[in-house]
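Undergrad: generate coordinates for the sequence data below:
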Amino acid sequence: MKQRIAIVIHGAVQGVGFRPYVYRLATDLGLPGWVANTPAGVLIEADGEKPLLDLFLLRLQRDVPPRASIHSLEFSILDPGDFAEFTIRESDQSGPVTAPVLPDIATCPDCLREIRDPGNRRYRYPFTNCTNCGPRFSIITSLPYDRPNTTMRAFAMCPACRKEYGDPGDRRFHAQPNACPVCGPHCEAWDQAGRLLASHEEALRTAERALREGAIVALKGLGGFQLLADAGNRDAVERLRRVKRREEKPFALMFPSLDAVESACECSDLERRLLRSPESPIVLLKRKQNPRTPAIDPGVAPGNPTLGIMLPYTPLHHLLLGDLDRPVVATSGNVTDEPICTDERESLTRLHGMADLFLVHDRPIHRHVDDSVVRVLLGREQVLRRARGYAPLPIRLGRELPDLLAVGPHLKNTVAVSRGTSIVVSQHIGDLETVQSHHAFTQASQSLQDLYRTKPVAVVSDLHPDYLSTRHARTLGLPVISVQHHVAHVASCMGENGLEPPVLGVSWDGTGYGTDGTIWGSEFILLKHGEARRFGALMPFPLPGGDAAVKEPRRSAAGLLFAMMGSDGFARLDLPPLRAFRMHELGLLSTMLRQRVNTPLCTSAGRLFDAVASLLGIRQICAFEGQAAMELEFTAQSVLPGRPYPFQWEQAGAAQAPNAPVFADWRPMVSGILEDLAQGTATGEIASRFHATLAAIITAAAQRAGIPRVVLTGGCFQNRLLTEATVARLLQEGFQPSWHQRIPPNDGGVALGQIAAVSYLNLLR
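TA: Next up, the predicted model:
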């Protein structure tokens, strides 16, 4: 007897060829009916005998397209319908939006073959795509994912493309960005004044010649502009640093092929998979001692044993890099601290004086999307910047959530919204330091709400009252829930890993505003159902000059010495940080410290890293955030793991206080470091012992807390050596450590944690 099955599917099922897949499956089984997109997912109805419908259900879940992911499938058996054939219906625009928006996807092998085939009509066409690849998040304006809801709506398909789009046997069946040289976007080369120099194929040739001649090319890519330069041309690399105002921070590189990458860097199987994956991120790879590749100028990543490398991920990149056949610097098209530029006309102003040539196109970019940064840690992928290829895939919390908006932190900002049981985190926005970045932040915040049609009942912000994101939250006319920065970090790691309380959160970073109004940064947080308590931290020390210490590790070292020895510590003029000051500057520092003028106390693990790097003479002034800590890690990696220095614990406040935090006293460790320095011990050995001590402190804190599950979060756990040593010690002592993988450990994960914390701690009452 015939029946009708009605199926509701939620998950990543739009923009991945799911409806064509359903159409082909139903047609193959001879089942009449229909399939349609909705803002929540996909609806299917089909008529047939029960055995065929059972087979349809089985294959529907088993043989999904490569980029699809079914989160839930519900079905009902109804009376037979009156269907003559199986059809793809117009999308249903009504109802709540819960369907995930797919990230932009790197060029698939089939499209790559086409653009390299002289006999194919898409030969060397820079905007070739299909249902398995191409733009998604950067071009979508609203859900459901249909061409009229993308920036491709202005391009009417030619008859050949329309035929592909309507052919169930074609891989471009219902491929929304489908286009070809006849009907799609095209490239142009402009000079600095915006004058047309060349178009279409000749525009690519013009850009290639410019790169060979040492020019800087501004390329309008998938999610915004990139600045390209020959990675082996010292003059071009140095000039790019000057115009970007980026003194020493490493540049990312794009290599023409995996073979070229492997000639320059060590590459594991997992790292190869990452480079060639649909996400196609920047992957941090260890340099080879004797590379076989054309020389990479040292100015690309000064003093850094790793390189950030990606492969071409759009047809435009494949064509340009294939012709050039050499690696290029591929850095974001902006001035440092500004969001990347997305509009070709705006680029002439914002990138004026930076680029010699502009390679642009006429496909509008609806939202900026940076390149993601990923590395392999402990045999797993770890995302350090989450953008193209990853955002805005949701994190499923497994708890029903009200509609909330999280505005994130001040640095490495992302925003997030909750919908159902999922949290959608935006692409990387960046530091909220400029007018342009603040505009990008407010735009991304509103865009995410519009895309998912959320109506937040509250907005979640950081506890810091002066963050731009916090101030913005107060203007929205909604209840504001404040979540302490390090608690949000812990909740972020829990949410990503699907953990439930209780946990001991180890939240170590640069700075965060504490509940007592002081600067926190090395927190042990006990997070239980409905409660987050500061269990402990590293012992506080003063920061002379406050924020100035972030850029001057010598200031952190001076504060450390003062905390140990008082003003007498400044008599140790043989130490590198004190030699880095003039005599009158030391006098001023001593006065500031003694009188506590602009000298806040902090428990920052990041500033402790800086201080030790300064004591060892590694770095006194930083050119970019985290530079001293990175160089300290690189120094430690050059030797075998060291034994920990001694440390001890101190109870805060009255000993009988029931919940008084404990502080790990680092003074015995610093005394040991100073003794080793005096004896001429190698800096690599001292740096290694320092990392081992921090891992020992974390393990000792876990033992004091007695909680089996320990989560490692915060920017300090971008440090490979610290993370690996800590995880090894915790496992050895019987604990269950968790760390970040798909969400960054740095402040890029805070927005997720702000919403997760509301749920874990029952903050919305």
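
Undergrad: surely residue 707 forms part of a helix?
TA: No: counting by DSSP: H, G, I helix; E, B strand; the rest coil, residue 707 is located in no helix; its state is coil.

Undergrad: tell me how far the closest residue to it other than its chain neighbours lies from residue 712.
TA: Distances taken as C-beta to C-beta, 6 or more residues apart in numbering place residue 504 nearest to residue 707, at 4.3 Å, with adjacent residues excluded. (C-beta placed from N, C-alpha, C; glycine too.) Going from residue 504 to residue 712 by C-beta to C-beta, to the nearest Å gives 10 Å.

Undergrad: for the stretch 501-650 of the chain, which segments count as strands?
TA: Here the stretch 501-650 of the chain has its strands, by DSSP state E, counting those that start in this stretch, at 503-513, 519-528, 531-538, 541-542, 601-602, 648-651.

Undergrad: Throw the ones you listed into a markdown table and include mean neighbour count and distance to residue 221, thanks.
TA: Compiled in a markdown table, these are given as follows (neighbours: other C-beta atoms under 10 Å; distance: least, C-beta to C-beta, whole Å):
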| stretch | mean neighbour count | distance to residue 221 |
| --- | --- | --- |
| strand 503-513 | 27 | 31 |
| strand 519-528 | 25 | 36 |
| strand 531-538 | 21 | 41 |
| strand 541-542 | 22 | 45 |
| strand 601-602 | 22 | 40 |
| strand 648-651 | 13 | 52 |
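
Undergrad: now these as TSV including distance to residue 663 and mean pLDDT?
TA: Shown next, in TSV, are the strands of the stretch 501-650 of the chain (distance: least, C-beta to C-beta, whole Å; pLDDT from 0 to 100):
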stretch	distance to residue 663	mean pLDDT
strand 503-513	14	97
strand 519-528	9	97
strand 531-538	6	96
strand 541-542	11	96
strand 601-602	11	96
strand 648-651	5	89
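
Undergrad: can you count the residues close to the closest residue to residue 564 other than its chain neighbours?
TA: In this structure, residue 564 finds its nearest non-sequential neighbour in residue 667, 5.4 Å apart by C-beta to C-beta, 6+ apart. Residues near residue 667, counting by other C-beta atoms under 10 Å, number 17.

Undergrad: what sits against residue 667?
TA: Residue 667 sits next to 539, 563-564 when contact means C-beta atoms under 8 Å, 6 or more residues apart in numbering.

Undergrad: do the same with residue 101
TA: 14-15, 136-137, 140, 143, 145, 392, 424, 451.

Undergrad: looking at these, spot the one nearest residue 632.
TA: Closest approach between the contacts of residue 101 and residue 632, by C-beta to C-beta: residue 392, at 34.8 Å.

Undergrad: I'd guess that closest one is in a strand, am I close?
TA: No: under three-state DSSP, residue 392 falls outside any strand and is assigned coil.

Undergrad: okay but it is in contact with residue 423, surely?
TA: No: counting by C-beta atoms under 8 Å, residue 392 does not reach residue 423; the two are 10.1 Å apart.

Undergrad: helices and strands of this protein: which one bottoms out on pLDDT?
TA: strand 69-78 (a mean of 79; mean pLDDT, DSSP states H and E).

Undergrad: I'd like the next helix or strand past that strand.
TA: Per DSSP states H and E, strand 69-78 leads on to strand 86-88 as the next helix or strand towards the C-terminus.

Undergrad: got the buried residues for that following strand?
TA: The neighbour-count check on strand 86-88 (16 or more other C-beta atoms under 10 Å) flags 86, 88 as buried.

Undergrad: show me which of the contacts of residue 667 are buried.
TA: Neighbour-count burial (16+ other C-beta under 10 Å) is assigned, among these, to 539, 563.

Undergrad: who touches stretch 204-215?
TA: Contacts for stretch 204-215 (C-beta under 8 Å, 6+ apart): 124, 126, 187, 189, 197-198, 217, 219, 228-230, 233, 235-236, 316, 319-320, 323-324, 328, 356-357, 359.

Undergrad: which among the residues you listed end up buried?
TA: 124, 126, 187, 189, 197-198, 217, 219, 228-230, 233, 236, 316, 319-320, 323-324, 328, 356-357, 359.

Undergrad: can you list the weak-confidence ranges in the stretch 601-750 of the chain?
TA: Scanning the stretch 601-750 of the chain for pLDDT under 70 picks out the ranges 652-657.

Undergrad: for residue 615, give me its contacts.
TA: 557, 560, 575-577, 670, 673-674, 677.

Undergrad: now with 6 Å?
TA: Residue 615 makes contact with residue 557, according to C-beta atoms under 6 Å, 6 or more residues apart in numbering.

Undergrad: flag the shaky bits of the stretch 1-150 of the chain, pLDDT-wise.
TA: 93-99.

Undergrad: can you pull out the helices in it?
TA: 18-29, 50-62, 109-115 (DSSP state H, counting those that start in this stretch).

Undergrad: most packed of the ones you listed?
TA: Greatest average neighbour count among the helices of the stretch 1-150 of the chain goes to helix 18-29 (a mean of 20), per mean count of other C-beta atoms under 10 Å.

Undergrad: can I get that one in CSV? Just the C-alpha atoms.
TA: Coordinates of the C-alpha atoms in helix 18-29 are reproduced here as CSV (Å, rounded to 0.1, in the frame of the first residue of the first chain):
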residue,chain,number,x,y,z
PHE,A,18,21.5,18.8,-1.1
ARG,A,19,18.2,19.4,-3.1
PRO,A,20,19.7,18.1,-6.3
TYR,A,21,21.0,15.1,-4.4
VAL,A,22,17.5,14.4,-3.0
TYR,A,23,16.0,14.9,-6.5
ARG,A,24,18.3,12.4,-8.1
LEU,A,25,17.8,9.8,-5.3
ALA,A,26,14.0,10.1,-5.4
THR,A,27,14.0,9.9,-9.2
ASP,A,28,16.3,6.9,-9.1
LEU,A,29,13.9,5.1,-6.8
